[in-house]
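Student: predicted model follows, preceded by the sequence.
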Amino acid sequence: MTDHLTIVTHPLVQHKLTLMRDKTTSTGSFRQLLREISALLAYEVTRDLELTTRTIETPMQQVDAPVLKGKKLALVSILRAGNGLLDGVLELIPSARVGFVGLYRDEVTLKPVQYYCKLPEGLEDRLVIVVDPMLATGNSSAAAVDLLKAAGATNILFLCLLAAPEGVARMKEAHPDVPIVTASLDKRLNEQGYILPGLGDAGDRMFGTK
Ligand code: URA
């Protein structure tokens, strides 16, 4: 994965995303769709994982067959909406280590402040996939990546469902070495920092809060 932004245009991803955007979609359906779309995005995001071979015996003969090389992956969810993406990705990569980062926006400085951080060990040897459904201003995403780099991560990928051009630009400026994979590059942010056309508040829609 070398491009800074990859948009997953697979018809199943695009179809499910449209259903998720629809405001009449129920919380239950939204959650189910998120789980399904996350697994499809995980398929795309792991496309370049390195393989090696292992010698095995099939019932017919011995063969050198491909297996994933190296250490397990680490997934890092940005709380709370990241957890919705996390579930689907974990279905495809069940042995991945999982970390969590919680950030809130300080009302005076408007800067992200960390309130929770629990990360797996050995980040320096892992591909770290950061999951957050909405790349909006990019401030919390950039701060989360700062934190991961400070903890030793060098190989980081950012996986989201929707990205705003403002968030992509912010990430590119702060972390040009971190590729972004998304299902859609939307139009813009509104005055409140919501993505347009977007899907509303991802956390509220997946957890049924308001
Ligand atoms: N977070 C959300 O949940 N939705 C947006 O549109 C932007 C940020």
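Tutor: Done, it's in. Residues are numbered from 1 along each chain as shown.

Student: what sits up against stretch 32-48?
Tutor: Stretch 32-48 has contacts (C-beta atoms under 8 Å, 6 or more residues apart in numbering) with 1, 6, 8, 10, 12-13, 16-17, 19-20, 25, 73, 84-89, 91-93, 129, 131, 133, 157, 159, 161, 181, 183, 206. The C-beta positions use only the backbone N, C-alpha and C, and glycine is treated the same way.

Student: which among those residues end up buried?
Tutor: Buried members of those, scored by 16 or more other C-beta atoms under 10 Å, are 6, 8, 13, 16-17, 19-20, 25, 73, 84-89, 93, 129, 131, 133, 157, 159, 161, 181, 183, 206.

Student: okay, and the closest residue to Val63 other than its chain neighbours sits in which element?
Tutor: In space, and not counting its chain neighbours, Val63 is closest to Ile56: 6.3 Å by C-beta to C-beta, 6 or more residues apart in numbering. Following DSSP states H and E, one finds Ile56 within strand 51-57.

Student: for that strand, which strands pair with it and how are they oriented?
Tutor: Sheet pairing of strand 51-57 (DSSP bridges) gives strand 62-68 (antiparallel).

Student: now the element after the strand it pairs with, going C-ward?
Tutor: strand 74-78.
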